[in-house]
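Undergrad: pasting the sequence and the predicted coordinates here, then a few questions.
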Amino acid sequence: MWLHLFSIDLLLLFPLISGKCAWDTCAQWSNDPDTVNIHFVPHSHDDMGWLKTADDYFTGINGDNVKLHTAVYHIYTNVVTELKKNPQRKFIVCEVGFLTKWMDTADEELISDFMSFVNNGQIELVCGGWVQADEASTHYIDLVDMYTLGLRKLNKSVGGDCVKVRSAWQVDPFGHSREHSNILAMMGYESVYFAREHHKEHDLRAKNKNLQFHWYTSNENSERKITGTDFYGPRYHSPSEFDWDIRSYSNDTPPIIDNPNLEGYNVDNFRRMLELEISSRLATQSNSHLLVLMGGDFQYTNANRIFTNLDKLIKIANNITTRKVQAFYSTPACYTEALRESMHSWTNKTSDFFPYADKDNSYWTGYFTSKPAMKGLVRQSSNIINSVRQLGVFSFNKQLDEYSVKELKLEKALGLSQHHDAITGTSKETVTQDYERQLLNGWDTAESAFNDYFSNLSQNFVHTSAKFPLQTFCRNLNESQCDFTKNNQDNFTVVVYNGYSQNMKQLVRIPLYEESIGIMDNKGNELDQAWIVSTFENQQINNLNRSNNELIFVANVPANGYTTYFVEKLGKSEVPKIPTHSETKLSAKANTLSNGLITLNFDSSGFLASVTSAEGVYPLKQQFLSYNGHIPVPIGAQTSGAYVFRPQGDPKVIAKYNRVNVVFTYLEARQVFDDYLSQTIRLFPNDTKIEFEWTVGPLPTATVDGWLTSLEVITQYTVGIKSNKTFYTDANGRQMMKRIRNYAPDFEYENDEPVSGNYYPVTSSAFIEDSNIGMAVVTDRAQACGSLSDGQLEFLIHRRDYYDDGYGVSEPLNEPGKDGKGLVVRGKHWVMIGKQAKKLRPQLQLQLFHSPIVSFSTFQDLQVSTELYLTEYSGVVSLPENIHLLTLKQLDGSSVLLRLEHIYGKDEDTDLSKPVDIDPSTILKDLKVASVIETGLGANYKIADVNGKITLNPLDIRTFILTVSQ
Ligand SMILES: [Zn+2]
């Protein structure tokens, strides 16, 4: 599958250098079943941020151990230098983000050596992504982008046929997702290597000799599979007796002294250790190929010490006489090839590797939620980058390419944040702040790009020289703060961008500092769905610039485009045009909230109790509870921390005085549960979904018996659905994984942690159903989710843990927030109950993902504005509701990347699960398409020319490069 015929124009896109790749130069192994083949695979696990920032790891400053002077810069440099000394030596390189930093820094000669090693097989590029991604809390849109960024960068900066990555190197991520591997398979990868699976599954696989297996990754495509390889251990590190790195854990491995004339000659010792290592590994293998990893975290700064000893170790292995041994340098592609040759039967896997526990009581389910503000920021950034890139294509500027656009900074920051210590919330707080800073710096560039693109597009269509009014973006809209609308004395416009490929009708909420206003659409019509409510005042958000009121309106925005609303300030004498709604307290008479389609009924304690719709009355109880995180008592007990969630005791309902303070206003019920917890339950006009927007924090500090109490806050929905221990959670926002309480599909589940052991990652939604109805909960960021009773879903939404959980970050999970008192988080769920919940879930996910992007400018006269500027635009034709325009991005002066996806699984809906035929050249309204090719999912190699329609089957993603002219 690696041979592709290239057309002439594509030679520029995918330059071919005829080299011998790692997989062409595998060492000769023996096919004699009695001969043991030892594949030594040198690697360095280089986190792009964890205990210090990615840049600090690269340069080596702010050393975690000053004396060691480890630095990724030196690792690459020294490895290249060492590879020159012995053509047998091999090395694998993972993070394209670090490789790019090195290529931007190193001498030309070294870079040229590096490239020649890729093309003579000494270096194999693995991963292919900008980072080694987390698999639990990452969204597929971000994953696809992050791999595309990395793989295309390899094409550009290294080039040649050897840059087509074959193996994913997921050695450290904390559990593994079926959809992530599905994405790998769609990018043409053959194998995924990893180290962390549930300890019981690992032990069972080792016992049954199936650490290597075929992983079938899609219910829709029964052929799609990838070779999974779990390591023997110790995790992804060198065996401790052969660990010569200066950072090694044991740090007492002596050098091999193979000159008998020297004091300390120790070849016999090493031979004996090798023999023992071979025996114990062989006991876990059904074939004669042993994979021995030589590396670890930030290893190979002193590459000479490791390679020198490894050269000698390989010689010693080849001189073993007690059994037949063939030892050599190898790579993942070679090892996969060897497995293929030697394994005559394979076991299959169809589930995933969540949740991960490395020992009893240590379930790594906390990180599904840790640092929820960071997780929310990543999701918002993703919407922004996808939207701004679309607008870039619509305003096509031939002078730009994918590496010169301003928003590249955001794309890189977003790529970085997919790292398995970034979005996971498992880095030190200063490092998290660095990720957040980089994302927000990226927002600056994206906002600037938005302005450029609005201007170009408007000038292209209106044919005037008038520059589109400068748009200002308010980043604190969710705190009801916008300095632009506060300080601006004039009338202002609100431009609403919709990145979704369907027409959008969503609420836009604007902080309002004026008493009397009018709002019109771009045709000058006054909006009939606009209203003013007072801002929900709670004590949690300490923001003096918050407005007293909010203008809320239903924005009606075309697919992949924008529209403009005009807000006029009225004089004191003018009659207010927009209704201002007052507030009512919960009472026996006022205890419901309705939009005419559905009615929410509250009980006398202020909790939501049921929902009435045309389908009938469904009980729906929603409440917040908190678990106490486990404290380190007795000494050494597993605590709750950044990685691990380990509750202690039953959860307690959060409601100060056992009653919830509830106030109703138009389409909103506002609840205050405690000083640190409030919520708005919101309905939408002509819509049956319910929005729950909570504000949690700062989580209070209390002590019990002298120990600070860690708090883990959940929101819990209980409905009358007979879910029979079963629920579904999305994998990276795509396929739904079936989960069964107190059960693991691939090993004997033991209920040592009844809560945490039943938690799973949710990126976008969870779902329960019975034969009658379903309930879908759609999230605005990644979270942990469980269903501990039938008819119930609970989500971990915020955490404050005072005790490090012992997995290396060496810091409690105690985010200070803006004012140092503790982080306050605001987030939302969309909940849909009833017969339509299953059908609408995939669309709701994307609607929430593509929340409206709002910007502001001033205007004098509506008529003049609509004559001078393009006030509304949509760049795509109308697409069926089961098709999503996943990516639209300019690549260079004549080509555009287009991805289309089918968003329904094969049995999710009778109509919407059907295949769709579509012609990719007809999607863009205003760009002429001269030709289309289809590429692999990473847009890094060609599959075929496309003429006419293609078929999108359920959950297909198909990637195209369009050659365009305006
Ligand atoms: Zn790592």
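TA: Yep, it's here.
Undergrad: list the residues that contact Thr230.
TA: Careful, residue 230 is Asp and not Thr. Shown in contact with Asp230 (C-beta atoms under 8 Å, 6 or more residues apart in numbering): 194-195, 197, 202, 205, 211-212. To be clear about C-beta, it is placed using only N, CA and C from the backbone, and glycine gets the same treatment.
Undergrad: report how many residues lie close to the residue of the stretch 351-500 of the chain found nearest the ion.
TA: Proximity of the stretch 351-500 of the chain to the ion (C-beta to the ion) peaks at His420, 5.5 Å away. The number of residues packed near His420 is 27, by other C-beta atoms under 10 Å.
Undergrad: wait, isn't it in contact with Phe174?
TA: Yes: the pair His420 and Phe174 qualifies as a contact (C-beta atoms under 8 Å) at a distance of 7.0 Å.
Undergrad: and for those two, which residues touch both?
TA: 134, 426.
Undergrad: before we move on, the earlier item: looking at the contacts of Asp230, which are in strands?
TA: For the contacts of Asp230, membership in strands holds for 194, 212, with DSSP state E as the criterion.
Undergrad: which stretches of the stretch 351-500 of the chain have low pLDDT?
TA: Under the criterion pLDDT under 70, no range of the stretch 351-500 of the chain is flagged.
Undergrad: rerun that using 90 as the cut-off
TA: For the stretch 351-500 of the chain, residues meeting the criterion pLDDT under 90 lie at 463-467, 478-479, 485-490.
Undergrad: so where do the helices sit in the stretch 1-150 of the chain?
TA: Taking DSSP state H, counting those that start in this stretch as the criterion, the stretch 1-150 of the chain carries its helices at 8-13, 54-59, 72-83, 96-105, 108-118, 140-157.
Undergrad: and the residue of the stretch 51-200 of the chain found nearest the ion, how many neighbours does it have?
TA: Closest contact between the stretch 51-200 of the chain and the ion, by C-beta to the ion, is at Asp172 (3.4 Å). By other C-beta under 10 Å, 19 other residues sit near Asp172.
Undergrad: so what's it up against?
TA: Applying C-beta under 8 Å, 6+ apart to Asp172 gives the contacts 45, 47, 132, 195-196, 235-236, 420.
Undergrad: list the contacts of the spatially most central residue of the chain.
TA: What sits nearest the mean C-alpha location of the chain, by C-alpha atoms, centre = their mean, is Thr138, with 1.8 Å. Contacts of Thr138 were listed using C-beta under 8 Å, 6+ apart, and they are 180, 418, 423, 732, 763, 782.
Undergrad: try it again at 10 Å.
TA: 146, 173, 177, 179-180, 183, 375, 378, 417-420, 422-424, 732-733, 761, 763, 782 (C-beta atoms under 10 Å, 6 or more residues apart in numbering).
Undergrad: give me the residue from the stretch 551-700 of the chain nearest the ion.
TA: Among the residues of the stretch 551-700 of the chain, Tyr643 lies closest to the ion, at 11.8 Å counting by C-beta to the ion.
Undergrad: tell me the secondary structure for that residue?
TA: Secondary structure of Tyr643, reduced to three states by DSSP: H, G, I helix; E, B strand; the rest coil: coil.
Undergrad: ok, it touching Arg799?
TA: No: using C-beta atoms under 10 Å, Tyr643 makes no contact with Arg799, being 11.2 Å away.
Undergrad: looking only at neighbour counts, state which of those two leads.
TA: The residue with more neighbours, out of Tyr643 and Arg799 and counting by other C-beta under 10 Å, is Arg799; that gives 31 against 26.
Undergrad: mind listing what the longest strand anywhere in the chain pairs with, with the direction of each?
TA: The residue-count maximum for a strand in the chain (DSSP E) belongs to strand 616-629. Applying DSSP bridges to the sheet, strand 616-629 is found paired with strand 608-613 (antiparallel), strand 647-653 (antiparallel), strand 710-719 (antiparallel).
Undergrad: now those in TSV, with mean pLDDT?
TA: Formatted as TSV, those follow (pLDDT from 0 to 100):
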stretch	mean pLDDT
strand 608-613	98
strand 647-653	96
strand 710-719	98
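Undergrad: which one of those strands is the most hemmed in?
TA: Mean neighbours per residue, mean count of other C-beta atoms under 10 Å, is largest over the strands paired with strand 616-629 for strand 710-719, with a mean of 24.
Undergrad: roughly how far is that one from the heart of the chain?
TA: The chain centroid and the centroid of strand 710-719 are separated by 23 Å under C-alpha atoms, centre = their mean, to the nearest Å.
Undergrad: the helix or strand following that strand: partners in the sheet, and parallel or antiparallel?
TA: Next in sequence after strand 710-719, counting helices and strands by DSSP states H and E, comes strand 726-730. The pairing partners recorded for strand 726-730 under DSSP bridges are strand 736-740 (antiparallel), strand 765-769 (antiparallel).
Undergrad: can you name the residue of the stretch 1-150 of the chain nearest to the ion?
TA: Asp47 (4.2 Å).
Undergrad: quick one, what contacts that residue?
TA: So Asp47 contacts 54, 57, 72, 95, 98, 131-132, 172, 297-298, 419-422, 426-427, 431 (C-beta under 10 Å, 6+ apart).
Undergrad: contacting residues around Pro33?
TA: For Pro33, counting by C-beta under 10 Å, 6+ apart, the contacting residues are 287-288, 342.
Undergrad: buried ones among the contacts of Asp172?
TA: 45, 47, 132, 195-196, 236, 420 (16 or more other C-beta atoms under 10 Å).
Undergrad: so which of these are in strands?
TA: Counted as lying in strands by DSSP E, out of these, are His45.
Undergrad: as TSV, the buried ones among the contacts of Asp172 with distance to Ser857 would be great.
TA: Putting the buried ones among the contacts of Asp172 into TSV (distance: C-beta to C-beta, whole Å) gives the following:
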residue	distance to Ser857
His45	48
Asp47	42
Gln132	42
Ala195	52
Arg196	50
Tyr236	52
His420	41
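Undergrad: can you give me phi and psi for Asn309?
TA: Phi and psi for Asn309, reported as degrees, to the nearest 10, are phi -70, psi -40.
Undergrad: you'd agree it is up against Pro254?
TA: Yes: using C-beta under 10 Å, Asn309 is in contact with Pro254, at 9.3 Å.
Undergrad: which one's more surrounded, those two?
TA: Taking other C-beta under 10 Å, Asn309 and Pro254 do not tie; Asn309 has more neighbours (21 against 12).
Undergrad: out of the helices and strands in this structure, which is least certain?
TA: Using mean pLDDT, DSSP states H and E, helix 8-13 stands out as the lowest-scoring helix or strand of the chain, at a mean of 42.
Undergrad: all strands of the stretch 801-950 of the chain, in order?
TA: Using DSSP state E, counting those that start in this stretch, the strands of the stretch 801-950 of the chain run over residues 825-834, 853-858, 872-874, 883-892, 895-902, 916-918, 928-935, 942-946, 950-952.
Undergrad: nope, the stretch 451-600 of the chain is what I was after
TA: Shown for the stretch 451-600 of the chain, the strands assigned by DSSP E, counting those that start in this stretch span residues 492-498, 504-512, 517-520, 530-534, 549-557, 561-569, 580-581, 584-585, 592-594, 599-602.
Undergrad: tell me the angle the fourth one makes with strand 549-557.
TA: Strand 530-534 and strand 549-557 meet at an angle of 150 degrees, taking axes from the mean of the first three to the mean of the last three C-alpha atoms, to 10 degrees as the criterion.
Undergrad: do the same with the first one
TA: Interaxial angle of strand 492-498 relative to strand 549-557 (the same axes, to 10 degrees): 50 degrees.
Undergrad: tell me the buried residues in strand 492-498?
TA: Quick answer for strand 492-498 (16+ other C-beta under 10 Å): 492-498.
Undergrad: each with direction, which strands does it pair with?
TA: Strand 492-498 has these strand partners (DSSP bridges): strand 561-569 (antiparallel), strand 853-858 (antiparallel).
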